[in-house]
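Colleague: no sequence on this one, just coordinates:
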């Protein structure tokens, strides 16, 4: 296999810089000047290697969605056969699995969705796909639970997780994270009672 091209390396360098800028300044505040400065490149190289602001955003969103999907699928693929739901929740609420920059990028993309219907569609799909993944894990241990109960618990666990993870950029919030994890486990336990 050949070495990646300079253009591929530059593109990656620029997207990392753009991600950092979006995390710091939001989508609107991540100017080409700030991206160029963060990447340590001349501004024309950004356009040459990635494109205009719309191209940058599209590449960032694709990168974000792919990274998120790979992470969730890796996690699900590593779950044990027994107590999968409990293990999954342990991992979701483990601060070692949280990435402050990723959280800030997610929040920035969600905020930008208000003005960008195409982005809103993608971020809604991202949210629904995550909830569906949670539901799939729950369903393996509560196969007799009603579809309505599985949907509700999956949405509840996801909501608790998203809210808790959104606090990651503030630093240690282990008391809230621990209480949120217990709340998610209590919610999952309702599936056993309903079965």
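Modeller: Happy to help now that I have it. This one's a predicted model, so the numbers in the text were calculated from it and none came from an experiment.
Colleague: need the residue closest to the centroid of this protein.
Modeller: Most central in the chain under Cα atoms, centre = their mean is residue 68, positioned 4.8 Å from the mean C-alpha point.
Colleague: hang on, that one packs against residue 126?
Modeller: Yes: the pair residue 68 / residue 126 is scored as a contact, 6.5 Å apart, by Cβ atoms under 8 Å. All C-beta atoms are positioned from the backbone trio N, CA, C, and that covers glycine.
Colleague: show the low-confidence segments of the protein, by residue range.
Modeller: 1-4, 194-195 (pLDDT under 70).
Colleague: okay, domains of it per the record?
Modeller: Residue ranges for the domains of the chain, per automatic domain parsing: 1-51, 62-194.
Colleague: burial check on residue 147, number of neighbours?
Modeller: Using other Cβ atoms under 10 Å, residue 147 has 9 neighbouring residues.
Colleague: distance of it relative to residue 92?
Modeller: Residue 147 is 22 Å from residue 92, where distance means Cβ to Cβ, to the nearest Å.
Colleague: and the contacts of stretch 60-79?
Modeller: With contact meaning Cβ atoms under 8 Å, 6 or more residues apart in numbering, stretch 60-79 is reached by 15, 18-19, 22, 87-88, 91, 97, 102, 105-106, 109, 119, 122, 126, 129-130, 133, 136-137.
Colleague: at 6 Å instead, please
Modeller: By Cβ atoms under 6 Å, 6 or more residues apart in numbering, the list of residues contacting stretch 60-79 from outside reads 15, 18, 87-88, 91, 105, 122, 126, 133.
Colleague: what of stretch 45-52?
Modeller: 7, 10-11, 14, 32, 35-36, 56, 59.
Colleague: for residue 113, the count of nearby residues, please.
Modeller: Counted with other Cβ under 10 Å, residue 113 comes out at 17.
Colleague: residue 79 versus that one, what's the distance?
Modeller: Distance from residue 113 to residue 79, by Cβ to Cβ: 30 Å.
Colleague: now swap in residue 18 and tell me
Modeller: In this view, residue 18 and residue 79 are 33 Å apart by Cβ to Cβ.
Colleague: ok, now residue 37?
Modeller: 42 Å.
Colleague: just want to know which of the two has more residues nearby.
Modeller: For residue 37 versus residue 79, the count of surrounding residues by other Cβ under 10 Å is larger for residue 79: 16 against 13.
Colleague: for that one, which three-state class applies?
Modeller: coil (DSSP: H, G, I helix; E, B strand; the rest coil).
Colleague: from the contact counts, what lies against the host helix or strand of residue 122?
Modeller: Using DSSP states H and E, residue 122 sits in helix 117-141. The contact analysis (3 or more Cβ pairs under 6 Å, 6 or more residues apart in numbering; DSSP states H and E) places helix 117-141 against helix 53-77, helix 84-92, helix 100-112, helix 147-165.
Colleague: turn those into a markdown table, including distance to residue 45.
Modeller: A markdown table is the format used below for the helices and strands packed on helix 117-141 (distance: least, Cβ to Cβ, whole Å):
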| stretch | distance to residue 45 |
| --- | --- |
| helix 53-77 | 13 |
| helix 84-92 | 39 |
| helix 100-112 | 22 |
| helix 147-165 | 34 |
